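**Q** Here you go, sequence then predicted model.
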There are 2 protein chains.
Amino acid sequence: MNYTPPVKEMMFVMEELADIASISELPGLADSNADTALAILDEGAKLAAEVIAPLNARGDQQPSEWRDGTVTATPGFADAFRQYTEGGWQGISHPAEFGGQGLAKLIASPCIEMLNASNLSFALCPLLTDGAIEALLLAGSDELKARYLPKLIEGVWTGTMNLTEPQAGSDLALVRSRAERQGDGTYKVFGTKIFITWGEHDMAENIVHLVLARTPDAPEGVKGISLFVVPKFLSNDDGTLGARNDVQCVSIEHKLGIKASPTAVLQYGDHGGAIGYLVGEENRGLEYMFIMMNAARFGVGLQGIALSDAAYQKAAAYAKERVQSRPVDGSGAGSVAIIRHPDVRRMLGTMRALTEGARALAYVAAAHADIAHHHDDADTRARHLALNEFLVPIVKGWSTEMAIDVTSLGVQVHGGMGFIEETGAAQFYRDARILSIYEGTTAIQANDLVGRKTLRDGGAAAHALLAQIDETLDALKSTDAGDAARVFEAMHRRLTDGRDALANVVAYVLETGKRDPNAVFAGGVLYLKLAGIVLSGWQMARALLVAQRRRAEDPAFHGAKIATAHCFSEYVLTQARALETAIVCAHGDDPLFALSEAQF
Amino acid sequence: MNYTPPVKEMMFVMEELADIASISELPGLADSNADTALAILDEGAKLAAEVIAPLNARGDQQPSEWRDGTVTATPGFADAFRQYTEGGWQGISHPAEFGGQGLAKLIASPCIEMLNASNLSFALCPLLTDGAIEALLLAGSDELKARYLPKLIEGVWTGTMNLTEPQAGSDLALVRSRAERQGDGTYKVFGTKIFITWGEHDMAENIVHLVLARTPDAPEGVKGISLFVVPKFLSNDDGTLGARNDVQCVSIEHKLGIKASPTAVLQYGDHGGAIGYLVGEENRGLEYMFIMMNAARFGVGLQGIALSDAAYQKAAAYAKERVQSRPVDGSGAGSVAIIRHPDVRRMLGTMRALTEGARALAYVAAAHADIAHHHDDADTRARHLALNEFLVPIVKGWSTEMAIDVTSLGVQVHGGMGFIEETGAAQFYRDARILSIYEGTTAIQANDLVGRKTLRDGGAAAHALLAQIDETLDALKSTDAGDAARVFEAMHRRLTDGRDALANVVAYVLETGKRDPNAVFAGGVLYLKLAGIVLSGWQMARALLVAQRRRAEDPAFHGAKIATAHCFSEYVLTQARALETAIVCAHGDDPLFALSEAQF
């Protein structure tokens, strides 16, 4: 697989849109400046392109294998993972205190993106380990932190998240795994967990499972769930491994995509109980899991952007090389490279615009997280936390839904060759299909956006973002756009439409949320997509302003950015009004609930 | 796989929207009446559901296998194919003169749909045979007809279409295969053909390849292509098989989907030349191929509808059974079947609306074909032929693009289980991905719609359809809608919007087509999608009128149709204006052609 991490584009977004300069002025983030970022991205790009991307197709053809409870990763993965961890990549944004590099989430984001673009299956292992690290940082005792964090951050041990059970997918109230308190403060854990990504493998000496379970006297529902560390191997105080714990991988799944990433069924406690250690307090597991999931969901959003970029690069390369048919404008008598055909350009332009818009939004969200965690003013922290939390379900939901479309367009650009597995375009399409499902389906993200992120604060975060969009609209109006005047006008018109559509929908959600929840939640996913389109379009408008201002410095790069912003305004932002109409004017539940269950 | 052919819905569309009663009054189609149709559909439904659908998953898991030039179909396929042909299904719409049943295309359409919904890979073999039959009926000599048609129509021999070569996909001007005239009137054919569906297999005693090739003195480009019959085995005058011809299957492809259907690379003439028989006249091959492709393209459109229905049925069944989470409206304290959640309903309602709308449009197009071929008045024939030809690229392009979305929603409804191959939802998603590519990509369909079907007749066919939509709009307005008044109002508003959007785009295409072809063709696929949405929505509006009028006769069925029409108006027709804006206001090529090739 040929994938070139778009370092220049990533730096543009970090510097111009996510303002890395101001991030590096935050307490504790002095190293997170543009120079360091560039050095890190260049280094990461080498590892991604040269070591990890070449294993992507192999992982698809020779998936992880289960045998008698052990799982062997695709040949080459373990060695690549060793190089990854030895380079210190697992710890890039984790605290120096436990061996990490303590860099900003803004710098970690492009690193995660390029890893995922190279090899989504591979990248899932570090992603889940990040989740385990976050959980322990958040709520682990000092002892748990000391025992597990250095190993996880070094990458010699990996982590997993164990939420799902056969009867409990999106609905964690149905979790049945149980944890019995022992006299020594530990617990014995029993139950079956499914869909555990990298739940068993041979790339690390130990696996640290973070497991949701109920204590015997816990209340019903989600308020009775606790979080436990259940390591594959117990460990001694000196860090050496102890006894094998009572957790077994009984099978792995046969999946549509991400085949190299083993998706395990884990059985806890069949031989007397798996020893587990409580994280934080009993019955607060869901709360910890949510904070940890916020990070993981953001990471999945980056996966959508990553796959989209990889699919775009592959399709663009093919379109420049594949010769087929004469130009429709009569500009040549012979067959030409298909990139000269308008529909191929429309597909590539759409793929590119969607990817760049989603990337910009995600990195901006990462900068909000950095400010929320590092600023010395509590009000500022709270304000940016609210913005980050508003954006996370959108980054997750929109970037992954758009990735399904972008990878599908990637297949289409290849024509018949796209359907042949050896070409590689189909793998992106298959891999992408999990992204809108795991770590909370798009509907779950939409419920979060509607309920926790819009209704709960009375639309405050949404209105703050709308006000920022207004500033960008003013800037578009007051800037001398020179020969990009038509692009500026188009963007102003479409972004105004989009902004109004989003504002109307936010007002509708606030008005109707309590009175007619079915109506509002029926439009939840459409609201999420509308927000994704408008907020990404806003970032493209901001990029347009910068690119026009700095055009002379690098005409090719900035000219491409201007044209891509134009593609976004005409092919993507134009969809905003349709979404508004479907959300607001469908009168929500009427058509959907007019059908009885039997009629479906 | 559990698939129940929707015979009642199919009959509703045939009787109420495609007017089978008037089709049965056409010369030669007296048997093509509603009673016969129902009997045939009931019989076909049994075969599809009981014999062919159960092989669908097996075909995915145990694809056709190539070995030393021979291909063995999935176990069970050959026997099922025997049952299919013995039932006379291959000949359903072909002339009685050659052993067919001579029924209307309108009746063949639901039969083809249910076959494809049961097992797309399997159904491709009869579909390609239909193509070969059409080509021979159209242009074959009496001798070719007599030798090949009875065997093909009986189904003891199957047919293929050989267009594509490695360098010639969409661009048939690049075909290099050559055919050398022999003294005896036959030809010797040489060349490599790829992507030949069911190009080699063991389900029939002979395979009749229809092959595009050039004679030595042919003009360059598409005007120098001729069409040949090249059988796998030559045959004797008494119908027995003769010598093996010089055509070899050198490999089959490893594909994203339709795995049971062998996609062959065929090598012609490596041992002296494959004996071929000219179909029609030299250098007119493309012309014959186009007429034949019109039928095949329509068939692929039916495949999109078929897979969509199969995916819908599976998702609806899962949604009724899977219990997860409490209702958002607080109507219950415990977890409920997910069909009670608004977003799951939105997905199912959208899947269902898209499928029913596309089916109605396709069957109506089939009725136009029947009138075009059987009416005794030449003007009437010509008028309906023009409408059918306008609709074919839309049925093909729209039904297949929508199938990608519908099968993707089908995966999404299943959540994590949708990504597990054993569930079966993923197979529909993979299988569907070829539909917008083979028999002409969506862009090729769009070029046909823009060029041959809109510009060439000055928009006459489009305007005729717009006038029919106006009649439906009037009927919506003048009908007493009773308690469906809000649905009628909503449909009237949305269909008016859609109609206006389509009219504006047709005007734009006519105005701009010559002046700025890049701009128009850049919006070609969007125009096709707009036409698909508006024309399907129009059929749903017609269905709404019927369902309201006849509601009391069958309240459950007609009530469901009314609710589904409402879903279509609110979730699908609402997209029409966005497409118009993107087509007309993008100023076409600006953003797309502002990027140089190197900038992509």
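**A** Structure received.

**Q** CA atoms for contacts and neighbours, from now on please.
**A** Fine.

**Q** Show me where the stretch 201-350 of chain A dips below the pLDDT cut-off.
**A** Low-confidence segments of the stretch 201-350 of chain A (pLDDT under 70): none present.

**Q** A:I207 - that's part of a strand, no?
**A** Yes - under DSSP: H, G, I helix; E, B strand; the rest coil, A:I207 falls within a strand.

**Q** and the host helix or strand of A:A446, what's its mean pLDDT?
**A** A:A446 belongs to helix A:442-450 when elements are defined using DSSP states H and E. Over the span of helix A:442-450, the pLDDT mean works out to 98.

**Q** For that helix, which helices and strands make contact with it?
**A** Packing contacts for helix A:442-450, counted by 3 or more C-alpha pairs under 8 Å, 6 or more residues apart in numbering or on different chains; DSSP states H and E, involve helix A:378-413, helix A:517-522, helix A:524-549.

**Q** Report the contact partners of A:T129.
**A** Counting by C-alpha atoms under 8 Å, 6 or more residues apart in numbering or on different chains, A:T129 touches A:L152, A:T158, A:G159, A:T160.

**Q** Dump the helix holding A:A446 to PDB, restricted to CA.
**A** Below are the C-alpha coordinates for helix A:442-450, written out as PDB (Å, rounded to 0.1, in the frame of the first residue of the first chain):
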ATOM      1  CA  THR A 442     -24.000   7.000  15.100                       C
ATOM      2  CA  ALA A 443     -27.400   6.900  16.700                       C
ATOM      3  CA  ILE A 444     -25.700   6.700  20.100                       C
ATOM      4  CA  GLN A 445     -23.500   9.700  19.200                       C
ATOM      5  CA  ALA A 446     -26.600  11.500  18.000                       C
ATOM      6  CA  ASN A 447     -28.400  10.700  21.300                       C
ATOM      7  CA  ASP A 448     -25.400  12.200  23.100                       C
ATOM      8  CA  LEU A 449     -25.400  15.300  20.900                       C
ATOM      9  CA  VAL A 450     -29.100  15.800  21.400                       C
END
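
**Q** quick one: that helix to helix A:378-413, angle?
**A** Per axes from the mean of the first three to the mean of the last three C-alpha atoms, to 10 degrees, the angle that helix A:442-450 makes with helix A:378-413 is 150 degrees.

**Q** Mind listing residues that contact helix A:442-450?
**A** With C-alpha under 8 Å, 6+ apart as the contact definition, helix A:442-450 has outside contacts at A:170, A:390, A:393-394, A:396-397, A:401, A:436, A:509, A:521, A:524-525, A:527-528, B:343.

**Q** Same check on stretch A:460-474?
**A** A:386-387, A:390, A:453-454, A:492, A:495-496, A:499, A:503, A:506, A:538, A:541-542.

**Q** go with 10 Å
**A** Judged by C-alpha atoms under 10 Å, 6 or more residues apart in numbering or on different chains, the contacts made with stretch A:460-474 from elsewhere in the structure are A:383-391, A:453-454, A:475-478, A:488, A:491-493, A:495-496, A:498-500, A:502-503, A:506-507, A:531, A:534-535, A:537-539, A:541-542, A:545.

**Q** Isn't A:L152 up against A:H209?
**A** No - proximity of A:L152 to A:H209 does not meet the contact threshold set by C-alpha atoms under 10 Å, at 11.4 Å.

**Q** out of those two, which sits in the busier spot?
**A** Comparing A:L152 with A:H209 by neighbour count (other C-alpha atoms under 10 Å in any protein chain shown), the higher total belongs to A:L152, at 27 against 24.

**Q** Would you check how far apart that one and B:T70 are?
**A** A:L152 sits 53 Å away from B:T70 when distances are taken as C-alpha to C-alpha, to the nearest Å.

**Q** And A:G459, by the same measure?
**A** Using C-alpha to C-alpha, which is the criterion applied here, A:G459 is 66 Å from B:T70.

**Q** likewise A:D184?
**A** Distance, A:D184 to B:T70, by C-alpha to C-alpha: 68 Å.

**Q** Who has more neighbours out of the two?
**A** B:T70 (15 against 6).

**Q** Mind listing the residues bridging to the more buried one?
**A** When bridges are called by DSSP bridges, B:T70 pairs up with B:R67.

**Q** Would you agree it is in contact with B:H201?
**A** Yes - here B:T70 lies in contact with B:H201, judged by C-alpha under 10 Å, at a distance of 6.8 Å.

**Q** how deep is A:G272 tucked in, by neighbour count?
**A** Around A:G272 sit 11 other residues, with neighbours defined as other C-alpha under 10 Å.

**Q** Enumerate every residue touching it.
**A** The neighbours of A:G272, taking C-alpha under 10 Å, 6+ apart as the test, are A:K188, A:V189, A:F190, A:D246.

**Q** if I look at the most far-flung residue of chain A relative to its centre, how far off is chain B?
**A** Among residues of chain A, the one most distant from the C-alpha centroid is A:A333; the distance is 45.9 Å, by C-alpha atoms, centre = their mean. Applying C-alpha to the nearest C-alpha, to the nearest Å, one obtains 11 Å for the distance of A:A333 from chain B.

**Q** And what about the closest residue to that residue other than its chain neighbours, helix, strand or coil?
**A** Once its chain neighbours are removed from consideration, A:A333 has its nearest residue in A:R326; the separation is 6.3 Å (C-alpha to C-alpha, 6 or more residues apart in numbering or on different chains). At A:R326, secondary structure determined by three-state DSSP is coil.

**Q** just to revisit the earlier point, mind checking which of the contacts of stretch A:460-474 are buried?
**A** Buried by 16 or more other C-alpha atoms under 10 Å in any protein chain shown: A:383-391, A:453-454, A:476, A:488, A:491-493, A:495-496, A:498-500, A:502-503, A:506-507, A:531, A:534-535, A:537-539, A:541-542, A:545, out of these.

**Q** Please report how far the residue of the stretch 351-500 of chain A found nearest chain B lies from A:Q412.
**A** As assessed by C-alpha to the nearest C-alpha, chain B sits closest to A:I420 within the stretch 351-500 of chain A, at 4.5 Å. Distance, A:I420 to A:Q412, by C-alpha to C-alpha: 12 Å.

**Q** So which of the two has more stuff around it?
**A** Ranked by neighbour count (other C-alpha under 10 Å), A:I420 and A:Q412 place A:Q412 first, with 25 against 22.

**Q** circling back to that earlier point, if you average pLDDT over each of the helices and strands packed on helix A:442-450, which comes out lowest?
**A** Averaging pLDDT over each of the helices and strands packed on helix A:442-450 singles out helix A:517-522 as the lowest, with a mean of 92.

**Q** Show residues contacting it.
**A** Contacts of helix A:517-522 from elsewhere in the structure, counted by C-alpha under 10 Å, 6+ apart, are A:443, A:446-447, A:450-451, A:505, A:508-514, A:523-524, A:527, A:582-584, A:586-590, A:592-593, B:327-330, B:340-347.

**Q** Helices - which of these land there?
**A** In helices, judged by DSSP state H, the following of these are found: A:443, A:446-447, A:450, A:505, A:508-512, A:524, A:527, A:582-584, A:589-590, A:592-593, B:342-347.

**Q** Of the residues you listed, select the buried ones using a PyMOL command.
**A** Buried residues within the ones in helices among the contacts of helix A:517-522, as defined by 16+ other C-alpha under 10 Å, are selected in PyMOL through the command that follows:
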select buried, (chain A and resi 443+446+447+450+505+509+510+512+524+527+582+583+584+589+590+592+593) or (chain B and resi 342+343+344+345+346+347)
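
**Q** still on that earlier bit, quick check: bridge partners of the residue of the stretch 351-500 of chain A closest to chain B?
**A** Residues in a beta bridge with A:I420, per DSSP bridges, are B:K255.

**Q** How about A:E165?
**A** Under the criterion DSSP bridges, A:E165 forms beta bridges with A:A168.

**Q** how deep is it tucked in, by neighbour count?
**A** 23.
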